Structures are given as C-alpha cells and as structure tokens.
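Asks: Below are the sequence and a predicted model for it; my questions follow.
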Amino acid sequence: MKSLKKISLLMTIVALMLFAAACAGGAKKDTTKDTGDKAGKELSGSLVVSGSSAMQPLVAAAAEEFMANNPKVDIQVNAGGSGTGLSQVAEGSVQIGNSDVFAEEKQGIPADQLVDHKVAVVGITAAVNPGVGIKDISKENLIKVFTGKITNWKDVGGKDQKIVLVNRPDASGTRAVFNKFALDGATPAEGITEDSSNTVKKIVNETAGAVGYLAFSYFTDDKVTPLSIDGVEPTDENVQSGKFPVWAYEHSYTKGEPSGATKAFLDYLMSADVQNKLLKEQGYLPVTKMKVERDAKGNQTNK
Amino acid sequence: MNTKTADRIATGVFYCIALIIIAILVSLFYYILVNGLKNISLDFLTTPSSNVRAGGGIRDQLFNSLYVLVITMVIAVPLGLGGGIYMAEYAKPGKITDTIRSCIEVLASLPSIVIGMFGLLMFVNLTGWGYTILGGALALTVFNLPVIVRVSEDAIRSVPRELKEASLALGITHWHTIKTVILPSAFPTILTGIILASGRVFGEAAALLFTAGLSTPRLDYANWNPFSATSPLNIFRPAETLAVHIWAVNTQGLIPDVEEVSSGAAAVLVLSVLIFNLLARWIGSLIHRKITATK
Amino acid sequence: MEKVSSAKDRLLKSGQDWLGGEFRGKALVILCAVIMISATIAITIFLGTKGLQSFIKDGISLIEFITSKTWNPTDKANPKYGTLPFIFGSFAVTFLSALVAAPLGIGGAIFMTEISSSWGRKILQPVIELLVGIPSVVYGFIGLSVLVPFIRENIGGLGFSLLSGTIVLSIMILPTVTSIATDAMGSLPGALREGSFALGATRWQTIKKVLIPAAMPSLLTAIVLGMARAFGEALAVQMVIGNVKNLPSSLLDASATLTTIITLNMGHTTYGSVENNTLWSMGLILLVMSFAFILLIRYLSARRKL
C-alpha cells in the first residue's frame, strides 16, 4: 500500500510539473505572439511545429519562405512522428502538431480541444516489383494478397513468384490509411516492416515478388510499379474526384483556434503559393482542389 | 596425433583468429573510406542538409555532434572525476560503496535506448523543454559518467602509493594531496580515457533519438548569442547529430541520395573517431614523456 | 628545480585553508557519488512506473504480454499485446552473436597474451580499440548496404534476417569480449604457465588445460558483458533485421527485437496511449534484463575470488 501511495504521490508531482511547464511555455509564447499583430503592422512571434516526419520537409520549406517574408517571426519545425506531434500540441508545448491521421483516431488525445487544419492530401497505392508483371488488381485480390490468403502472384495474373510483403510500423499513419481504404480494415499479414518510404521503395525494387505501399510522389521512375485498384489508375485527378479511394489528409492541429503568427502561418500554408507550387514539388496534392472531403470516420462526401 | 602437432594446429588457429579480427577491421575501414571519401568534399561539409532534395550536406549535423559532445563533457567530466576520486580515495569498504559500485555497473550496462527513453521522460516531457541539446547532453552524461568514473578511479589507484604517503606524511590534508599530488600524476591516463570516451559519445545515436530530436532549426552561424533561437550555440534547440542523421536518412528519410549522404557521413564519423583515438595516444605519450622527463 | 619549488609552495599554501579545503573537496566528491546513485534510482523508478502502467492502468495481463505470440495493438476491437516474438528475437540475436563472438574474442585474447604478445600489442590491440570506436549506426549502415544484399543473393531469403542481425551484432560485441578476455588472461599469475611448461606440457596443452579453466569465470564475464551490449543494441539491428512480428522459423527469416519495435513505433504513438505504454513496458524488460546480466556478472566474479 505504501509503495502505491508513493507512486501516486510521484505521479501527482509529475503531473503538476508538466502542468506548470506547459503553463509557463504557453504563457511565454502568447505574450510574444500578441505583440505587433493586432496593430496590423509587422507580424512577430515565435512558434514551434512538431510531428509527422513525412510532413516535416513540406512544413519546413513553407516555414522558410514564410520567415523570409516575415523576418520577425521565428518558426521551428521538429520531426518526431505524428503521435509525438499530437501529444505535444495537446499538452500545449508546441503551437502546431502535424499528423498523418485524424486526431480522433489516436488514443489518449483530447480531439475536441484540437482544431484541425487540413493542409494537403496524399495519395497512396500499392507498389510492386516490376518483375511481377501486373499493373492492375481488384480490391478483393489486393486484400487477399496483403492478408496472406494469396501467396503467389500467378493467382492474380502475374508471374509465378512468391509474394513478399513490405509493411509499415503498426502505429504509422500511412499504414492506417492503407489498411482502412485499400484493405477495407483488414489486418495485413506479417512482412518486413520499414518506416521509410525510401527504404520500402528500395526493398520492393530489389526483391523479386515484393509488394508494399507508397505515396504517389515516389513513382517517379520505373523502379517500382504502382498498381491500379479495380481499374482506377492512381493519378492526382482520380484522387481529387474521389474515384481513387486510398488517400489521406495531412493535418496541422492547433489547440483551440489559432491566433497571431500561428494563424498567419496556417493561412500561408493554405495560400496559392504553397498549395499550387510547394505541395506539387514535394508530391502532395493541394487540399483546395479536392472535389470530395472526408471526416474522421472515413465517410467520403462530395464537396 | 601427437601433442606437438596439436600444439602447432592450435597455434595456427590462433593466428587465424587474429587475422580474421584484423581482416574485419581492415575491410570495414576500407569499405567506409572508399565509399565515403569520394562523397566528402568541402561542399558536403559546409552545406546544410536537405530533407527532400539530393545534394544536401552535413554542416549542421557535424556542428551538432561536436557541440553535443562538448556540452556532455562539460557536465560529465567534473562529475565523473569527482566520482572517481571518491571511489579511489574516500570510499570505505561497506554497504554504501557497494551500492555506488552497483550503480556504476548498472549505469554502464544500461542499453543506450533505455537511457534515451529515460531522457525522453525526464528531460523532454517532465521539464517541458522538448527536444534539446541540453537534454541530449544530459542523457549522454548518464551513459558516459560510469566510464569516466572508472577511468579516473583506475588512474588514481595506479598512482604510486609512495607519492601519496609522502605528501600525507608532510601533514598535507587528504584533499590537498589529491589536488596537488595525485591528480597531476594521474592526469595523462584520465585524459586518454576521456578522449576515448568522447569517441563513443560522438557516435551515439539511440540515446539522442528521443532527447535531442531528429531535426535542426535554421542556424545562423554569425549569431553567437546563445539565447537566440537561431544561434548554433543555443542549448535549448533540437539538434540532429551525425550518427542520428545516418540512421534517419536510412530509415525515415525522403532524399534520393541516401547512399551518398550516409556513406559520406559514416566516413566523417569514423575519421573523427580515428582522430580521437590517435589524439588520445599522442597526448597520452606526450604528457607521459614530459612527466617522466622532469622527474 | 622549478618543479620542486613550486611543489613546496603548493604544499606550504595548503596550510592556509586547511579545514575548508578538505571539507569542500569531500563534499564535492560525495555530491558526485550521490548524483550517480540518484541517477540510477531515478531511471529505475521512472521506467518502472511508466513501464508498469500498461499492466496496472490498461489492464494488460503480464503473462499475456510475455507469452502471447500476437502483437496487434492497432486493432481497435481486439488489440493484442503479445511480445513473445520480440523477446525471442532479442534473445536469439544475443545468444547467436555471443556464439560467434566468444570464440573469436577469446581466441584473439589468447593470441595477444600467450602466442605473440609483441604482435598483439602492436597490431591487435589498436585494431580492437578502433572497432570499439566505430559507431553502431555505421555498423548498421554497412550491414544494410553490404550484408543484406549479399545474403539475399548468395544464401537466400530476403536478406533482412536474423542472420544479418547476428553478424552485425557479433562484430559489434567482438571488441568488448576481446578486451575483457585479454585482461582476464593477462592477469593470470605467470607461475601457472611456468608450472605447466615445467611439467613438459606444450603451449596448447597449457592453454587448454590450465589457463582457460583458471580464467573461466572472467572469460564468462567477458561474454556476458558482450551479450548485455547485444541485447540492448537498437539502431544497427533495426536497419538489418527486417522487423517482422512473427516468430522466425529459420536463420534467414526476418525477425524483430524489443529494441527495434520501440524505435520504430515510439514517434508514431501518442503519449499516454496503451500502445505507447506497451513500448515503455518493453523498455522496462530491457532494464530488467540488464539488471539480470549484472547479477550474472556478480555471480561470476564471486566465483573468481574463490
């Protein structure tokens, strides 16, 4: 009993310290933010962005441009993963938390306190080794391939090669999206697990019979073959019109409605500059051009 | 088979083993340097890294590695030295000494990822700092401290007893004897040990992953104000070190020239460690010569 | 002359802050000792409380956690938290790499101390020191770019395998094993060798029948320390082992270890969620194992004194 008391005491202290730290951090940043902006003059302040490592390059590049236009604003973009970003923004230790998935899908995050800003869309499809010899697969077969019910490509019209699965880590956002929209929620069978799209591409390219999944931006050469699903080609247009089902938002979350420099930066992310140029450079689709939208539960509706 | 032949065969086997070990090292170095050196250029060392495009360098990572090392050593050396002096000079055999010795042993054998996780809990979340150089340096201190304690304890113990006794016999206090007699003569060994430990800190990645983070803010090398967010000297900024960079570009990166960047970075890392090693030997022998010559 | 006079000065001056200096010095070094103890205790308490949360707060059964073979924390309806494959993977790479590194390391040590000490000191010693210095990520990177394709093309399988992990780890722990084994062999009393030679034994007989048995506990310590390092190594292994959550059925199967699962998933999970807590529990297992390794070493060194 005594030890339990001690633990709970320790946890209380920990909680208090966290709270104090969060308050101190938040308070400090708020004061800096409020200076200047209200007067409608030069924007100033500093903000910290954290989260999804896939989004980090995009946001870092946008931040650089933004800082060039607003020299008094200082933006720090950290990576660390979607989970980290969501945790930190919910705690208040960063101003923006980037995530590959809806906050509602992550456990332990007070999603109702967070405001979602969808800044980009990314299309994902299955990628196979070119030697497999197929370009199109039905969703039904795709599920069978990934759940291990089909183990040879010849059963789906390809060459006589054993299927080698390349997965992403359990908690990865890309995996969650692929499982949900390409596999209709089925749990994939076991396979090599790699976090990086580059590594996945490399393995799929080097291993006969390998299949993984990648964002569209990785299909720049013929090292891997992207698969059409049910005859729908994985193109930007098909994602925008809602025909191709496997896509996801890239989210920037703030705690409560943003203000000051944070708001200005998020507005900048939605501006034509970023949406039409920067996003394309990095292989994302502009969220402004989407003809369909999707909520946290995965229901798709026309805009 | 008579015993003579058995003896000869065994000798041959031992020679083989020695050769295998040497061959492993030589081929490792050969591979790293041959692949790496062609990617190292002044440009590679002086341009910042890129997250998406090819052709990024390792300027910030290299600086971060060195800076994290310096901060770690600033914290760990005095503490470790103090601990070593305590263990060698003050600790009396008994329960407390045993406990401390166990603690050193535990700290020394903890996996670095466990120390990284502890750092995440303590220096990142609890303090509210986020990913910082200081947090990384503190985590590395935890894992480096036992090494320095051991090195300095051994060095102090190997100081001839006569030296210490002569000083004590002159009526000098214990602490003053340590300061003026023992430490100076143990210094070369301690220094060598510290430099070798630096090599390990320089290449450490797992403990830094969760404490110093995976990104580096835009740095302005003209800004020497350690409290400014863009200053490289700011210890409250996240910092991706060279070793972490190699891991990150290989497992999470988006850049197309992974091979080039990581083999270049690996060569820089290994060369640095090599320099640390040679430096340790050179300084060790230099001071040794100086001390023995003046005596 | 100068040196002497300065020493004299120093000694004379020491009388001035007689007690103050002694007290301050002692306080300083005791403080250092206290910091070390508190760091150890803090690590244990922090990882302990955090690691136990998944059992206390989230109600995962410890038995299931350790013995179940299915790991599927993202299944919302029926999450599974069995870490047996990872625990198995960790132990498998640890033991296998010890199996490779122990004969090489001890052989190298014997070479240095018994066969050719001049050669050993001049070449093998620096080689071992340099091997210690190569960062683990570099081992991982070389494993990924050389070993994995080599195994895939020449031996079979995907290349990402238990075997790759084992080889990378064996090379990593080789210097640890060698240097400690060298110390152990070097500290054996010379009389042992002389006695054996005087009885007409050959060098090999002396090594096999006298020296190795005499140094056995220390040699085992060397191996255990190497194993402790292998067990906790994360990044190098993660890059080559393939991270498959099934129990491997052969050396060429991809596998996963506790450390690789932690590094892969830590950033993706949210702080305080069940998934995240289970990762901390795995960290706790690592901590407990390193305590176990220390106890083992303690036991071995107690035997050495007898």
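Replies: Done, it's in.
Asks: C-alpha only now, for contacts and for neighbours.
Replies: Noted.
Asks: Buried residues in the one helix or strand residue C:131 maps to, which are they?
Replies: Here residue C:131 sits within helix C:125-133, counting by DSSP states H and E. Using 16 or more other C-alpha atoms under 10 Å in any protein chain shown as the test for burial, helix C:125-133 gives C:125, C:127, C:128, C:129, C:130, C:131, C:132, C:133.
Asks: got a list of what residue 235 touches?
Replies: As the question left the chain open, I've gone with chain A. A:216, A:244 (C-alpha atoms under 8 Å, 6 or more residues apart in numbering or on different chains).
Asks: Please refer instead to chain C.
Replies: So residue C:235 contacts B:205, B:206, B:247, C:136, C:137, C:140, C:259, C:260, C:263 (C-alpha under 8 Å, 6+ apart).
Asks: Spatially, what comes nearest to the fourth one if we skip its sequence neighbours?
Replies: In this case it means residue C:136. Of all residues not flanking residue C:136 in the chain, residue C:236 sits nearest, at 5.7 Å (C-alpha to C-alpha, 6 or more residues apart in numbering or on different chains).
Asks: so the one you found, which of the three states?
Replies: In three-state terms, and counting by DSSP: H, G, I helix; E, B strand; the rest coil, residue C:236 is helix.
Asks: in chain B, which ranges drop under the pLDDT threshold?
Replies: B:1, B:51-53, B:229, B:252-254, B:291-295 (pLDDT under 70).
Asks: ok so, going back, any idea of the pLDDT on the residue nearest to residue C:136?
Replies: With respect to pLDDT, residue C:236 has a value of 87.
Asks: ok, now residue C:67?
Replies: 86.
Asks: Show the contacting residues for the closest residue to it other than its chain neighbours.
Replies: Distances taken as C-alpha to C-alpha, 6+ apart put residue C:84 closest to residue C:67, at 5.2 Å, once the chain neighbours are dropped. Residues near residue C:84 by C-alpha under 8 Å, 6+ apart: C:65, C:66, C:67, C:68, C:69, C:70, C:247.
Asks: returning to what we had before: how much space is there between the residue nearest to residue C:136 and residue C:148?
Replies: Counting by C-alpha to C-alpha, to the nearest Å, the gap from residue C:236 to residue C:148 is 12 Å.
Asks: Repeat that for residue C:130.
Replies: Taken as C-alpha to C-alpha, the span from residue C:130 to residue C:148 is 24 Å.
Asks: How about residue A:48?
Replies: Residue A:48 is 39 Å from residue C:148, by C-alpha to C-alpha.
Asks: backbone phi and psi for the closest residue to chain B within chain A, please?
Replies: Taking C-alpha to the nearest C-alpha, chain B has its nearest neighbour within chain A at residue A:196, 3.9 Å off. Phi and psi for residue A:196, reported as degrees, to the nearest 10, are phi -100, psi 140.
Asks: Could you report the neighbour count for it?
Replies: 21 (other C-alpha atoms under 10 Å in any protein chain shown).
Asks: same deal with residue A:296?
Replies: Using other C-alpha under 10 Å: residue A:296 sits among 11 other residues.
Asks: And residue C:224, by the same measure?
Replies: 23.
Asks: part of a helix, is it?
Replies: Yes - under three-state DSSP, residue C:224 falls within a helix.
Asks: Could you pull up the residues touching it?
Replies: C:293, C:296, C:297.
Asks: check contacts around the closest residue to the last one other than its chain neighbours.
Replies: Spelled out, that is residue C:297. Using C-alpha to C-alpha, 6+ apart and skipping residues adjacent in sequence, the residue nearest residue C:297 is residue C:221, 5.6 Å away. Contacts for residue C:221 were tallied using C-alpha under 8 Å, 6+ apart; they are C:297, C:300, C:301.
Asks: ok, and residue C:221, which helix or strand is that part of?
Replies: helix C:212-232.
Asks: Now find how far off-centre that helix is within its chain.
Replies: 10 Å (C-alpha atoms, centre = their mean, to the nearest Å).
Asks: and it, what's its mean pLDDT?
Replies: 90.
Asks: Can you give me the buried ones in that helix?
Replies: Under the neighbour-count rule (16+ other C-alpha under 10 Å), helix C:212-232 has C:212, C:214-232 buried.
Asks: Output that helix in CSV, but only the C-alpha positions, please.
Replies: Presented in CSV, the C-alpha positions along helix C:212-232 are these (Å, rounded to 0.1, in the frame of the first residue of the first chain):
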residue,chain,number,x,y,z
ILE,C,212,41.4,-21.4,-19.8
PRO,C,213,40.0,-23.2,-16.8
ALA,C,214,41.7,-20.8,-14.4
ALA,C,215,40.4,-17.8,-16.3
MET,C,216,36.9,-19.3,-16.9
PRO,C,217,34.8,-17.0,-14.7
SER,C,218,36.4,-13.9,-16.1
LEU,C,219,36.1,-15.2,-19.6
LEU,C,220,32.4,-15.8,-19.0
THR,C,221,32.1,-12.3,-17.6
ALA,C,222,33.5,-11.0,-20.9
ILE,C,223,30.9,-13.0,-22.8
VAL,C,224,28.1,-11.8,-20.6
LEU,C,225,29.1,-8.2,-21.0
GLY,C,226,29.1,-8.7,-24.7
MET,C,227,25.7,-10.2,-24.5
ALA,C,228,24.4,-7.3,-22.4
ARG,C,229,25.5,-5.0,-25.2
ALA,C,230,24.0,-7.0,-27.9
PHE,C,231,20.7,-7.3,-26.0
GLY,C,232,20.3,-3.5,-25.8
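Asks: picking that back up, put together CSV for the buried residues of helix C:125-133, with pLDDT and distance to chain A on each row.
Replies: CSV is the format used below for these (pLDDT from 0 to 100; distance: C-alpha to the nearest C-alpha, whole Å):
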residue, pLDDT, distance to chain A
C:125, 83, 37
C:127, 85, 32
C:128, 85, 32
C:129, 81, 32
C:130, 82, 30
C:131, 83, 27
C:132, 80, 28
C:133, 79, 27
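Asks: What is the nearest of the residues you listed to residue B:74?
Replies: Of all the buried residues of helix C:125-133, residue B:74 sits closest to residue C:133, with 20.8 Å by C-alpha to C-alpha.
Asks: quick one: that closest one and residue C:104, what's the gap?
Replies: Taken as C-alpha to C-alpha, the span from residue C:133 to residue C:104 is 19 Å.
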